[in-house]
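S.K.: Compute the structure for the input listed below.
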Amino acid sequence: PRQSGNVNAYRRTKGGRPEIKRALFMAAMAARNHHPTLRPFFLKLVANGKKKLVALTAVMRKLIIIANAKLRQQHQLS
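M.R.: Numbering: from 1, shown residues only. Model (predicted):
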């Protein structure tokens, strides 16, 4: 954690594949504006005091969860 004295800064995300992170970031930006489920999720996080970038990261994680669930469902059907 980035803590020093009275400063309690947000942690940065690191690691992972940069190409995937860029694609997820752009998808999350579109989802926060237009997706009927993820938009209220994003707005709720911001209303609760989260920074917009932190809320957008949460949307990115939700997109991964949704994609994995759809892939799992598709794999079970075939």
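
S.K.: where does Arg11 land on pLDDT?
M.R.: Confidence at Arg11, expressed as pLDDT, is 73.

S.K.: Distance of it relative to Gln3?
M.R.: 10 Å (CB to CB, to the nearest Å). From N, CA and C alone the C-beta is placed, and that goes for glycine too.

S.K.: Could you pull out the helices in the chain for me?
M.R.: According to DSSP state H, the chain carries its helices in the segments 18-34, 38-47, 52-77.

S.K.: need the contact list for the nearest residue in space to Val46 that is not next to it in sequence.
M.R.: What sits nearest to Val46 in space, not counting adjacent residues and going by CB to CB, 6 or more residues apart in numbering, is Ala55, at 5.2 Å. Going by CB atoms under 8 Å, 6 or more residues apart in numbering, Ala55 touches Arg32, Phe42, Leu45, Val46.

S.K.: Take the residues you listed and write them to CSV, including pLDDT and distance to Arg72.
M.R.: Shown next, in CSV, are those (pLDDT from 0 to 100; distance: CB to CB, whole Å):
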residue, pLDDT, distance to Arg72
Arg32, 96, 25
Phe42, 98, 25
Leu45, 97, 26
Val46, 97, 30
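
S.K.: Kindly indicate which of these lies nearest Lys70.
M.R.: Arg32 (19.4 Å; CB to CB).

S.K.: wait, isn't that closest one in contact with Thr57?
M.R.: No - assessed by CB atoms under 8 Å, Arg32 is found out of contact with Thr57, at 11.1 Å.

S.K.: So for the two, which sits in the more crowded spot?
M.R.: When Arg32 and Thr57 are compared for neighbours, Arg32 comes out ahead with 22 against 19, by other CB atoms under 10 Å.
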